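1. Mind looking at a prediction? Sequence and model below.
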Amino acid sequence: MTISKVCVIGAGTMGAGIAAQVANAGVPVLLLDIVRDEADRSSVAKGALERLKKAEPAAFMSKAAARLVETGNIEDDLAKVAECDWVIEAIIERIDLKHALYAKLEAVRKPGTAVSSNTSTIPLEKLIEGRSEAFRRDFLITHFFNPPRYMRLLEVVAGKDSDPALVASVSDFADRALGKSVVVAKDTPGFLANRVGTFWLQVAFNAAFDLGVSVEDADAIGGKPMGIPKTGIFGLVDLVGIDLMPHLKVSMSATLPAGDPYHAIAKDHPLILKMIEDGYTGRKGKGGFYRINKEAGKVKEAINLQTGDYAKAKKPVSIPSVAQKDLRALVLAKGIVGAYAWAVLGPTLSYAAGLIGEASDDILAIDTAMKLGYNWKYGPFELIDRLGSAEFAARLEAEGNAVPEIVKLAAGRPFYRVEGGVREYLGTDGAYHPVVRPEGVLLLEDIKAASKPLVKTASAALWDIGDGVVCLEFTGKMNALDGEVMKAIEKAIPLVQESYKALVVYNEGSNFSAGANLGLALFAMNIAAWGEVEKLVTGGQKAYKALKYAPFPVVAAPFGMALGGGCEICLNADAVQAHAETYIGLVECGVGLIPGWGGCGEMIERFRDDPKLPKGPMVAVSKAFETISTATVAKSAANAKEIGYFRPTDGITMNRDRLLADAKTRALALVEGYTPPTPPTFRLPGAGGRAALDLAVRSFAAQGKATPYDQVVAGKLAWVLTGGEADLVDTVTEEQMLALEAGQFMTLVRDERTVARVEHMLTTGKPLRN
Amino acid sequence: MQTYKAPLRDMRFVLNELHNDDGFGDLPAHEEFTPDLVDAVLEEAAKICEDVLLPLNRSGDEEGCHWERHADGTTTVRTPEGFKDAYDQFVQNGWNALVTPPEFGGQGLPESLGKMVEEMICAANVSFSLYPGLTNGAICALTAYASDELKAAYLHKMVSGQWSGTMCLTEAHCGTDLGLLRTKADPVGDGSYKINGAKIFISAGEQDLTENIIHLVLARLPDAPAGVKGISLFLVPKFVPDDAGDPGARNGVTCTAIEHKMGIKASATCQMQFEDSIGWLVGQPHKGMEAMFTMMNAERVGVGIQGLGIGEAAYQSAVWYAKDRLQSRSLSGAKYPEKPADPIIVHPDVRRMLMTMRAYNEGCRAISGWVGRALDAEKHGADAQTRARAKDFVALMTPVVKAMFTDLGLESASLSVQTYGGHGFIRESGVEQYMRDARIAMIYEGTNGIQALDLVGRKLPTDMGRLLRSFFHPVSAFIEESKGEGPMQKMIEGLERAFGALQLSTATIAERGMKDPEEAGAAATDYLRLLGLVAMAYCFAKSVKIAGFQLAFGTQEKEFYQAKINTATFFYDRILPQSAALFLAIKSGKGSTMAMPEDAF
C-alpha cells in the first residue's frame, strides 16, 4: 500500500499538528473538523490551519508545505476520505463520538484505507466495538506526541484483527515520510511512554512532598544528573500544564488493572489542586511551580511546597561532581540528594521494568519510548544499567520491595552489552540478542561500537562506514570547529583518495555544529594572539577548499544547528543530504564577524547559479549580502532551500536515524564519473555596488534596525562581496575572494566591539547589540 | 648604613610621563592635582620619611615592641621609642589620609600618587608603615560595606588617624583556608553581636599610638553554613564609643601576647582574645569574605609596595657602600690610583648586583604607577568601559604586584647584604634588617604561592581570559606600532619574544589547566613571574621611547634619561632572558613536580 494522501479528522492541537507534519513530508492532507459556523462551515479547520501557520515553534517546514493542507468539515467533505489512503482520527477523547465517526467512515472510505486513532486513553478493543471485520482489519492506534513535528516518538498499537501488512505500511510511512521512530506497544492503558511518565511524575511529586525537598532542589537532582531535561520534573509540568495532572490520575486510575502499583501512589496533593483552582496552571496560566515576578523586576520565583508561598528561586542544593556523572554516586549521595534521587528512580525504574510482558515484550521499546517521548537521555533499562542491575535489585530487596521479573532474569547482568562490536540487549528469554536496526538505518553509534577510527584528532574522527565511504565526525565540545577538525580534513583527503570512494560529513551530537570554537577564538583574541586567529581562518579556508576540490564526492549531512563554520562546510560539499530539522545559517555578523571559511564566495556562487534569479553582477551580491548581514537562519531544511543555503537538488531526510544511510547512498551515487568542480571566477561590482549596499544598511540604521557597529560589520562584508578594489571589468578568482574574506575578518577580530560581542555571546548566550 | 633619599625624579617620571597613553585617559576628578601640586606632595613626603621615619627604622628593630600587663589585669603594647611622636607628626600633617575619601575628612588624592608616598614610607620604615596602612585597609572595607550609622560613628576618626584599624582573620588553626574559622558571633537582640574567639598574627592589634582601635573581625553567626560561605564581618572597637562619640566602655578585647618575629619587629603582631566583645555586622550576613576581600585586595597591592620600598632602600644602602668601600683594583686598571684601592663599584660583579636591584626597583615602580592609575580610573574613569577595563587590569595585576614585588624586594635585600660582604651579615650595617623585614611580605595577605594560584586559577580563566585583555592588548599594540627601523629594534624584538613566550604559556596553561587543575597549579609561580617580567619589559621599552624623544629634543635632564636607557638596556640584556627559561619550565608541565611519591620525601 502506498500512502499518497492522508486525511486527519479533528483539527485540535494534535490533529492539526499531525496534518502539518504530513504536509511537511510533501504529502497532500485533508484536515476536517465539525461544523460550528453555518456561514463558514469549515471555519474550525480553516482556523486551525491559520494557527498552524503562525505556530511557535513553527509547525510547517516551508510555505509550500502549508499549501498541501486542504481544509473541510465532516458533514460536507467526508466523502473526500475516499481519496485518502490513511485516515487519522484525532478528535476529542469520547468513545461515543469516536464510534459515531467510525460508523460514518465505514461508509465513505475505500476498502484498504488505513484508519487510525490518536487516542491516548481508550483501548483499541473498545474503539472497534461494533465495527465491520474489514474496518477492524484496517484499524490501528497511532499515538503521536506533542508537538507532532518535533516529537520523534510514535506509538503504534495493533489490534488482534489488524492486518499486519497494513500496520507495516502505516509504520513505514510514519518512519520514512513523517520521520517518526515507531515503537510497538500492546493495547494497555497509557501505552508505554505515558504509562511510565505518569508514574514517574507522580512519584517525583510525592517524594518532594514527603521528603520536604524544595522545587528547586527536586529539579536540580531529578533533572540533569539523571539525564532528564534540565527543567526537571516541576519545570516540565509547568511546561505541559499542571491541570493535566489530575486528568492523568483519573484516566490512569480508571483504566489500569487492579493491583497495578500506580494505584498505591496515585494521589492529589491539596496544594496542586489549589494551584489549578487559582489559575496557577503553569506557563500557560498565571505561573506554576515557578513564576516570573514582573513586579519585583522579572525575578524567577519558586513555590514553597509546604506553605504555597512564592519566594525568589534559590540556588539549588549542590550536587557532588561525581554524582553529576555517576548515577550510582547520585543515589548514594548524602542528604536529600541521594534520598530524593533514589525515591524517584527506585520506584520508577522498578515500575518500568515490571511492564515487560504486560505492556511490551521488548526493553528496547520502553527505552525508546521514554527517550523520544519524554526526552530522557537514557531509557529506564539503560538507567538500571547505570545503577548496576545487581545493585539495583539488592537495594530493592533490602528495602523490602519486589524485584521485577526481568531484573531477576538479568541476574546481575546488564540489559545492554557490546559483544564483538555488536550492541546487544537482554531478551525476555534471558539471552542476549543483537539490536537490529531497520533496513535503511545506519547509525554511527553502532559503527563506533564495532570499530576503531581510521584517524582521530582532538576534535574530529574519521570512520569507515562501509562500501568505500568514510565519515568525518566532529567530536569536540558542542561539535565546535577548530584546527583539530581541519587537521582531520587534511588527513581525510589522501586517505579517501587512496583507499575509499567518498566522504560524508556527519555526526550524532545534539547539533551538527554551531560553528567555530568561539571560546578558543576569544581566548586567542584576549591574549592578542592574532597570528593564531589568522591561522584558524586561513587553515579553515584551506581545509574546506581541499574538501571542495577533492577528487572524490563529499556529502554533508547536517541536522539540528549548522551555523557559521558548520554551514560553510555544507556550502563547500558537492551535495547535501539534510535532516528535515536542520537550522542552518551564516550567523557571524551577530558576533561582529563575517564568514571566514569561504562562506562569502560560496553564497555568491549559489545565488549566481540560481536559475530563478535574474542575471547581472549585483543580484547575487545583494542576495548574499542580505542573507549574511542579517544572520539569517533557516527554520528547516526545506526553508534552507528557499533561502539558498541548500541547492534545489539537495536531499532531505525526514527520519533522523536514516540520515547517514541516505547521505551515504547519495555519496555513492556521485562516485561514478565524478569530476571535482572547476574553481569559479567572479565579476563583482566593486565600489559602485558597495554604494548601493551601504544605502540599504543606512536605511536599516535609520529605522533603528541596525546599530552603528552593525553598519561597520556590514561595511566589511560589503567590501568582500563586491570584490574589494576590483570593479566590473576585473575577474576575481576564488582565491582572491578568500584573501579578501580573511583580511576583513582579521580587521574585525581586532576591533574591541567585536571582542565585546563575542564575549557577550559566550558569557550570556545572547547577542550584544552594540 | 641604612641610607635613603626618595627617588623623586623617577617617581615624577612614572606619574607624569610614562603612562599618559595607557588608555585610561585624564581623570576630570583629579584635574586639581596638577604636576606642581604633586611635586610638592612628593617633596614633603620625602622629608618626613627621610627625616623622621628613617632614623627610627634601626632603633625600632633593635628595641621591638613591649607587651605589658598592668596591675588591674589589663594588657597594653608599647611601641618602640619615638614611634608615638613620629605617628603624631605623621597624622598631624595628614600623611595617613592622603587618598582616603574627602567625605570623611580625607584628602582624596589620586591613588597613583598615594602609591609613591607609600613606597617612600615603606622604604624608610616598613614596620611603621603597617600602623597607618592597616587603618586604611579597614577604612576601605567600611566605606564599601558598613551601614551609614557605623560609617558616621567611626570613619571620621579613623580617617583623621585618631583611631586605627586592624583586620582579624587568622586563627591558630587556619590562615590560608579561612573556611575552618571558629570565632563565633551571637546576636544580642539590639542589633549588636557578642563575639567570642581567639585570633593570631594581628598586626597593630594593640598599640599606644591611637586612643582607640577598631578591629574588623571575621566570625560565624549561629546559623552559618559551613566553610567560607558562612563567614561574616564584624566591627569590634577596643573602646565602645559613648553618646558623644568618644571612646567609652572598654570592650572585651585583650591582647594576650605579641609574637617574637624574624623581622618587622617594631610592628606589634598580636594574639587577640575576644570575650563577649560587642560588635556590629559589616555588610550582609555570611558575606564577610566579600567585604574582607575588598580590604585584602587593596592591602595586597600595598604589600607589594612594601617589597618595592625595601628594595629601593636596600639598593641605595648598597650603592653608598659600593662607593665607600675600597677593595682591589678594577680589572681594567686602577681607577683611583691615589687611593689604596678602588671602590668596589668598579667591579663587574658588584655592578651586576647594583644594576639588578636598580632595574627591579625602576621596573616595579613603573608597574606600580600603572596600577595606581588604573585604581584611579576604576573609580573616576570617564565611561563605564574605561572603568571596567581599569578594574580588570587592577584585578589581573594585584597578585603580580603582591608576589613579584615582594620576591624581588627580598632578592634586592639579599644582593645588598652581598654587596656589603661580611659587614652585611653584621647587625650594625643595617642591611640585614632589610632581608628580615622583607621576608614577611612574601607571606602575609596571602602567600606568594596563593597569589600565583589566584592569577592562574581565578584571574586567567575569567570569561575566556577577559582580564588578560587589559594587559595583552596594550602590549601587543605597542609592539606593532614600534616595530620597524630605529634604534629600539633590538629591544622591541626582545619584548616581542618575551611577549610571545607569555602568550604561549598562557594558552598552554589555559588548555592544560582546563583538563587538569594541577597543571595550572604547577605552572602558577613561574607564570606569575613571566607576566611580571613582560610588564616590566613593556614599561622599560616605553621609558626608552620617551627618553629617546627627550634626548633627541635636547632635554635639560640628559643624565636622568640616559640612565633610564642604561637601566632598561641592562634589564633587556640580563634579566628579561629569564622569560625563555620560565617558558620552558612552564611547558615541561607538572610531571616531575608531582611524580615523587609522598613516602620518598
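-> Received, thanks.

2. Quick one: the helices in the stretch 51-200 of chain B, in order.
-> Under the criterion DSSP state H, counting those that start in this stretch, helices of the stretch 51-200 of chain B are mapped to B:55-63, B:83-92, B:111-124, B:126-145, B:148-160.

3. If you could redo that for the stretch 351-500 of chain A, that was the one I meant.
-> Under DSSP H, counting those that start in this stretch, the stretch 351-500 of chain A gives helices at A:363-373, A:380-387, A:389-398, A:405-410, A:444-450, A:483-499.

4. What of the stretch 101-250 of chain A?
-> A:124-127, A:133-137, A:164-176, A:193-211, A:215-222, A:232-240, A:244-255.

5. before we move on, the earlier item: of the helices of the stretch 51-200 of chain B, which stretch is the most buried?
-> helix B:111-124 (a mean of 27; mean count of other Cβ atoms under 10 Å in any protein chain shown). For the C-beta atoms, the positions are set from N, CA and C on the backbone; glycine is no exception.

6. re earlier: do you know which of the helices of the stretch 351-500 of chain A lies nearest chain B?
-> helix A:483-499 (11.6 Å; Cβ to the nearest Cβ).

7. Determine the set of other helices and strands touching that closest one.
-> The contact analysis (3 or more Cβ pairs under 8 Å, 6 or more residues apart in numbering or on different chains; DSSP states H and E) places helix A:483-499 against strand A:455-456, strand A:460-464, strand A:469-474, strand A:502-505, helix A:530-548.

8. export those to CSV and tack on distance to chain B, mean neighbour count and mean pLDDT?
-> Formatted as CSV, the helices and strands packed on helix A:483-499 follow (distance: least, Cβ to the nearest Cβ, whole Å; neighbours: other Cβ atoms under 10 Å in any protein chain shown; pLDDT from 0 to 100):
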stretch, distance to chain B, mean neighbour count, mean pLDDT
strand A:455-456, 17, 16, 97
strand A:460-464, 17, 21, 98
strand A:469-474, 19, 25, 98
strand A:502-505, 26, 28, 98
helix A:530-548, 7, 19, 97
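
9. Please tabulate the ones you listed in TSV and include distance to B:Tyr561 as additional columns.
-> Formatted as TSV, those follow (distance: least, Cβ to Cβ, whole Å):
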stretch	distance to B:Tyr561
strand A:455-456	59
strand A:460-464	56
strand A:469-474	57
strand A:502-505	62
helix A:530-548	33
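
10. Spit out the contact partners of residue 202.
-> You didn't pick a chain, so chain A it is. A:249, A:262, A:265-267 (Cβ atoms under 8 Å, 6 or more residues apart in numbering or on different chains).

11. ah, no, chain B please
-> B:166-168, B:170, B:215, B:269-272.

12. Could you list which of the residues you listed belong to strands?
-> B:166-168, B:215, B:269-272 (DSSP state E).

13. Return the residues of chain B in contact with chain A.
-> Taking Cβ under 8 Å from any Cβ of the partner chain as the measure of proximity, chain B contacts chain A at B:463-466, B:468-469, B:472-473, B:475-477, B:503, B:506-507, B:510.

14. Neighbour-wise, give me the winner out of these.
-> Counting neighbours by other Cβ atoms under 10 Å in any protein chain shown, B:Leu468 comes out on top of these with 27 neighbours.

15. State whether that residue and A:Asn526 are indeed in contact, as I suppose.
-> Yes. Contact criterion Cβ atoms under 8 Å: B:Leu468 and A:Asn526 qualify, at 4.9 Å.

16. and residue 476, what does it touch?
-> As the question left the chain open, I've gone with chain A. A:Gly476 touches A:458-460, A:482, A:484-485, A:517, counting by Cβ under 8 Å, 6+ apart.

17. you looked at the wrong chain, it should be chain B
-> A:528, A:530, B:499.

18. Quickly find the element holding the last one.
-> Read that as B:Phe499. Using DSSP states H and E, B:Phe499 sits in helix B:489-515.

19. What is that helix packed up against?
-> Using 3+ Cβ pairs under 8 Å, 6+ apart: helix B:489-515 touches helix A:518-526, helix B:466-482, helix B:517-552, helix B:578-587.

20. just the angle between that helix and helix B:517-552, please?
-> Using axes from the mean of the first three to the mean of the last three Cα atoms, to 10 degrees, the inter-axis angle of helix B:489-515 relative to helix B:517-552 is 160 degrees.

21. domains of the chain?
-> No chain was given, so I picked chain A. A:6-185, A:193-417, A:444-587+A:633-677, A:686-764 (automatic domain parsing).

22. meant chain B actually
-> For chain B, automatic domain parsing gives the domain ranges B:8-292, B:461-590.

23. Quick one: mean pLDDT over the shortest one.
-> If you average the pLDDT over domain B:461-590, you get 96.

24. what do you get for the longest one?
-> This predicted structure assigns domain B:8-292 an average pLDDT of 94.

25. start to end distance for that domain?
-> Terminal residues of domain B:8-292 lie 33 Å apart, using Cα to Cα, to the nearest Å.

26. Next: the last one.
-> Using Cα to Cα, the gap from the first to the last residue of domain B:461-590 comes to 19 Å.

27. Smallest distance to chain A belongs to which residue of the stretch 51-200 of chain B?
-> Among the residues of the stretch 51-200 of chain B, B:Gly179 lies closest to chain A, at 14.5 Å counting by Cβ to the nearest Cβ.

28. can you list the residues of chain A near chain B?
-> By the rule Cβ under 8 Å from any Cβ, the part of chain A lying against chain B is A:519, A:522-530, A:532, A:755, A:759, A:762-763.

29. Quick one: the strands in the stretch 201-350 of chain B, in order.
-> B:212-219, B:232-237, B:239-241, B:247-250, B:253-258, B:269-282 (DSSP state E, counting those that start in this stretch).

30. now the ones you listed in CSV, with mean neighbour count?
-> Rendered in CSV, the data for these read as follows (neighbours: other Cβ atoms under 10 Å in any protein chain shown):
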stretch, mean neighbour count
strand B:212-219, 26
strand B:232-237, 26
strand B:239-241, 17
strand B:247-250, 14
strand B:253-258, 20
strand B:269-282, 21
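
31. Let's have the ones you listed in a markdown table, adding distance to B:Gln2.
-> Formatted as a markdown table, the strands of the stretch 201-350 of chain B follow (distance: least, Cβ to Cβ, whole Å):
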| stretch | distance to B:Gln2 |
| --- | --- |
| strand B:212-219 | 29 |
| strand B:232-237 | 36 |
| strand B:239-241 | 37 |
| strand B:247-250 | 36 |
| strand B:253-258 | 24 |
| strand B:269-282 | 22 |
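
32. so B:Tyr420, which of the three states?
-> Secondary structure, DSSP: H, G, I helix; E, B strand; the rest coil: B:Tyr420 is helix.
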